[in-house]
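Colleague: Need the 3D shape of this:
(chains A and B)
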2 protein chains.
Amino acid sequence: MHELEILKSIYAAKSTHSQVTIAPGDDMGEVRVGNQRVLCSVDQLVIGRHVTPRTNPSLIGRKAIARCFSDIAAMCAVPVGSLFTACVPTTTDNAWCQAVFAGANEVAQKWGGPIFGGDIASSEGPAIFTVTAIATPGSRTIKRTGAEDGDYICVTGELGNSIAGHHISFTPRIAEAQELLKVLGDNLHSMIDISDGLGQDASHLATQELQLVIDTTLLPLRKGATVDNAISDGEDYELLFTSSTKPPEELATVIGRVESGTNKVITLDGSIIANCGWNHQ
Amino acid sequence: MHELEILKSIYAAKSTHSQVTIAPGDDMGEVRVGNQRVLCSVDQLVIGRHVTPRTNPSLIGRKAIARCFSDIAAMCAVPVGSLFTACVPTTTDNAWCQAVFAGANEVAQKWGGPIFGGDIASSEGPAIFTVTAIATPGSRTIKRTGAEDGDYICVTGELGNSIAGHHISFTPRIAEAQELLKVLGDNLHSMIDISDGLGQDASHLATQELQLVIDTTLLPLRKGATVDNAISDGEDYELLFTSSTKPPEELATVIGRVESGTNKVITLDGSIIANCGWNHQ
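Modeller: Numbering: from 1, shown residues only, chains lettered A, B, ... in the order given. Down below sits the predicted model:
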């Protein structure tokens, strides 16, 4: 079952509650609590799927938090706190678990979203760590929807070959998102973080009338990455956004333009790449 | 690894962030978001452990939400929203998954905490559904700490033999908690929900100087339950609380008193029952 299906299924049941201000389908959901808007997201890290069993446990904890906090960056939001759960086999070594928690705790604190709750359960399956992130809107929440005709398509950092190491060592682009929001202001129209691959994630910024046209010669390639890697690898955890003005070069690279069209995401030669990516569920 | 160990491990790393207003170790954690306090908790439901694979999928979804929302009741808080995640084998039947989500969605809406986000992952282990609950404080947040010498120990509903059906059909005591808070006011001192068994959960209301003395002849037994069942079965999801005034009989039953002592939880004949319960991780 694909993630979009569960989200659609949740969508389908119309909420009768006006406190939901951003419904499922964006990088984070948002609810109104009193007079405050609160953003939340949740991400699961499965050992053997998102990391290997031999990965340094401290880095496993770090990655569990980092993946979830990348969603905070993608909304231009600010971390407030996080919850950390473990579902582990009964045979799991306590010291290993403690190292995972310590790694998670360290970055959660450092990035401003301290762990303030959790749960532990046991199962016979692989260890799974689930992180819930709580955040508060920055000066403005940037959603996936909002791209406008003629927008520049931009990306932070580099793309592709994340598996060589970036996927375990990246820092969520929370500071960069705040900087972009400050510099671009109202011209910053839409944003997502690239977790499933540029092609696939870019498709979420497309609309019924607007498509994203990517100039693949402009893609900032990570060391060892080909253009195909940059389009399809996933786990870049970089910010992909559209803006009617160019961002400063030191913050992001322009990789294309938003145009009228219904192909979602295409390259200059017309190849449709909207489905290129990694199903990392 | 016991749940308390993970919580202790999280405690151990001192938070440098003042926005955490209730640290791990209570039924929910609390953070300050802007000028608003937000309560959060997370609970995992493992197929084969908390329900059988043959349980009606709609009731599985219902129970996943209900368990987590029982934590909201235990803080006398009010639901705002929830996140729902699934980690399921790739062979999982889509219709089964949809039925789980539908069951979860229905009660989440009904109880005022609509699902506004989620995540799906796959693993080779049993299906696991994780719920994050977001809540707002009622007129006052009631914590586990706060019992006073001489307090009445009280419980809502009935205890024991939950496995016969209650564990899958219970409604979290959110309305009752609000009513108790209204009726008892400042005399309501401490509260927890009974998930692991009366003995074990009561021990969390004890302090270094105060113990809970239970008169087992007063325990409200669920149909088919013995006193031992009432003390140890768990999954009652009833509210256990201490108050310096008696609650109305239609809301709760008095089952003992808080006294000076260091035995945590004992019966009138002096048996220590602080460890009686079910480790349902």
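
Colleague: Spatially nearest residue to the residue of the stretch 1-150 of chain A found nearest chain B, not counting backbone neighbours?
Modeller: Relative to chain B, the nearest point of the stretch 1-150 of chain A is A:Gly125 (1.2 Å; C-beta to the nearest C-beta). All C-beta atoms are positioned from the backbone trio N, CA, C, and that covers glycine. Spatial nearest neighbour of A:Gly125, excluding adjacent residues (C-beta to C-beta, 6 or more residues apart in numbering or on different chains): B:Gly125 at 1.2 Å.

Colleague: and that neighbour, how many residues sit next to it?
Modeller: Neighbour count for B:Gly125, taken as other C-beta atoms under 10 Å in any protein chain shown: 22.

Colleague: Isn't it up against A:Glu124?
Modeller: Yes - B:Gly125 is within contact range of A:Glu124, at 6.1 Å (criterion: C-beta atoms under 8 Å).

Colleague: quick one: contacts for the residue of the stretch 1-150 of chain A closest to chain B?
Modeller: With contact set as C-beta atoms under 8 Å, 6 or more residues apart in numbering or on different chains, A:Gly125 has these partners: A:87, A:89, B:123-126, B:128.

Colleague: Filter these down to the buried ones.
Modeller: Burial by neighbour count, judged by 16 or more other C-beta atoms under 10 Å in any protein chain shown, picks out A:87, B:123, B:125-126, B:128 from the contacts of A:Gly125.

Colleague: now the residues you listed in a markdown table, with pLDDT?
Modeller: Shown next, in a markdown table, are the buried ones among the contacts of A:Gly125 (pLDDT from 0 to 100):
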| residue | pLDDT |
| --- | --- |
| A:Cys87 | 95 |
| B:Ser123 | 91 |
| B:Gly125 | 90 |
| B:Pro126 | 94 |
| B:Ile128 | 97 |
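
Colleague: where along the stretch 1-150 of chain A do the helices fall?
Modeller: Assigned helices in the stretch 1-150 of chain A, in chain order: A:3-12, A:57-74, A:94-110 (criterion: DSSP state H, counting those that start in this stretch).

Colleague: which parts of the last one are buried?
Modeller: Of all the residues in helix A:94-110, those buried under the rule 16+ other C-beta under 10 Å are A:97-105, A:107-109.

Colleague: filter the residues you listed down to the ones close to chain B.
Modeller: For chain B, the contacts drawn from the buried residues of helix A:94-110 by C-beta under 8 Å from any C-beta of the partner chain are A:97-98, A:101-102, A:105, A:109.

Colleague: burial count for the nearest residue to A:Phe116 once chain neighbours are set aside?
Modeller: Distances taken as C-beta to C-beta, 6+ apart put B:Gly29 closest to A:Phe116, at 3.6 Å, once the chain neighbours are dropped. Here the number of neighbours of B:Gly29 (other C-beta under 10 Å) works out to 28.

Colleague: beta partners for B:Gly29?
Modeller: Note on B:Gly29: beta-bridge partners by DSSP bridges are B:Cys40.

Colleague: give the contact list for it.
Modeller: Contacts of B:Gly29 (C-beta under 8 Å, 6+ apart): A:81, A:83, A:116-117, B:20, B:22-23, B:39-41.

Colleague: If we use 6 Å, what do you get?
Modeller: Neighbouring residues of B:Gly29 by C-beta atoms under 6 Å, 6 or more residues apart in numbering or on different chains: A:116-117, B:22, B:40.

Colleague: hmm, back to that, among the buried residues of helix A:94-110, which one sits closest to A:Gly34?
Modeller: Nearest to A:Gly34 among those, counting by C-beta to C-beta, is A:Ala108 at 24.6 Å.

Colleague: I figured the closest one hits A:Ile115, correct?
Modeller: Yes - with contact defined as C-beta atoms under 6 Å, A:Ala108 reaches A:Ile115; the gap is 5.0 Å.

Colleague: List the residues that are in contact with both of the two.
Modeller: Counting by C-beta under 6 Å, 6+ apart, the contacts common to A:Ala108 and A:Ile115 are A:Ser82.

Colleague: sorry, back to before: could the buried residues of helix A:94-110 go into CSV alongside distance to A:Leu188 and pLDDT?
Modeller: Output for the buried residues of helix A:94-110, formatted as CSV (distance: C-beta to C-beta, whole Å; pLDDT from 0 to 100):
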residue, distance to A:Leu188, pLDDT
A:Cys97, 41, 92
A:Gln98, 41, 91
A:Ala99, 39, 94
A:Val100, 36, 95
A:Phe101, 36, 94
A:Ala102, 36, 94
A:Gly103, 32, 96
A:Ala104, 30, 96
A:Asn105, 32, 94
A:Val107, 26, 97
A:Ala108, 27, 97
A:Gln109, 29, 95
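
Colleague: So which residues on the stretch 51-200 of chain A come close to chain B?
Modeller: With C-beta under 6 Å from any C-beta of the partner chain as the criterion, the stretch 51-200 of chain A meets chain B at residues A:80-81, A:83, A:85, A:87, A:94, A:97-98, A:101, A:105, A:114-123, A:125-126, A:128, A:130, A:132, A:136.

Colleague: in the stretch 1-150 of chain A, what spans have low per-residue confidence?
Modeller: In the predicted model, the stretch 1-150 of chain A carries pLDDT under 70 at residues A:1-16.

Colleague: Please report how far the residue in chain A sticking out farthest from the centre lies from B:Glu124.
Modeller: Relative to the centre of chain A, the most outlying C-alpha is that of A:Thr91, 32.2 Å out, by C-alpha atoms, centre = their mean. Per C-beta to C-beta, to the nearest Å, A:Thr91 is found 16 Å from B:Glu124.

Colleague: which residues in chain A form strands?
Modeller: Taking DSSP state E, the strands of chain A run over residues A:20-22, A:29-33, A:36-46, A:77-88, A:115-122, A:128-137, A:152-155, A:188-193, A:210-214, A:239-243, A:253-260, A:265-267.

Colleague: which residues does the most centrally placed residue in chain A form a beta bridge with?
Modeller: Closest to where the C-alpha atoms of chain A average out (C-alpha atoms, centre = their mean) is A:Asp193, at 3.7 Å. As for beta bridges, A:Asp193 partners with A:Leu239 under DSSP bridges.

Colleague: Look up how far A:Ala95 lies from the residue nearest to A:Lys143 when sequence neighbours are not counted.
Modeller: Distances taken as C-beta to C-beta, 6+ apart put A:Asp26 closest to A:Lys143, at 5.3 Å, once the chain neighbours are dropped. Between A:Asp26 and A:Ala95 the computed distance is 38 Å (C-beta to C-beta).

Colleague: swap in A:Cys276?
Modeller: 41 Å.

Colleague: need the contact list for the residue nearest to the centre of chain A.
Modeller: Counting by C-beta under 6 Å, 6+ apart, A:Asp193 touches A:70, A:74, A:237, A:239.

Colleague: Need the residues you listed in CSV (columns: neighbour count and distance to A:Lys143).
Modeller: Converted to CSV, the contacts of A:Asp193 look like this (neighbours: other C-beta atoms under 10 Å in any protein chain shown; distance: C-beta to C-beta, whole Å):
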residue, neighbour count, distance to A:Lys143
A:Ser70, 27, 16
A:Ala74, 30, 9
A:Tyr237, 25, 18
A:Leu239, 26, 13
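
Colleague: quick one, domains of chain A?
Modeller: Annotated domains of chain A cover A:3-137, A:152-267 [automatic domain parsing].

Colleague: Of these, flag the one that's most buried.
Modeller: Mean neighbour count (mean count of other C-beta atoms under 10 Å in any protein chain shown) peaks for domain A:3-137 among these, with a mean of 22.

Colleague: hey, where'd the helices end up in the stretch 151-281 of chain A?
Modeller: Using DSSP H, counting those that start in this stretch, helices in the stretch 151-281 of chain A cover A:166-169, A:174-184, A:198-203, A:227-232.
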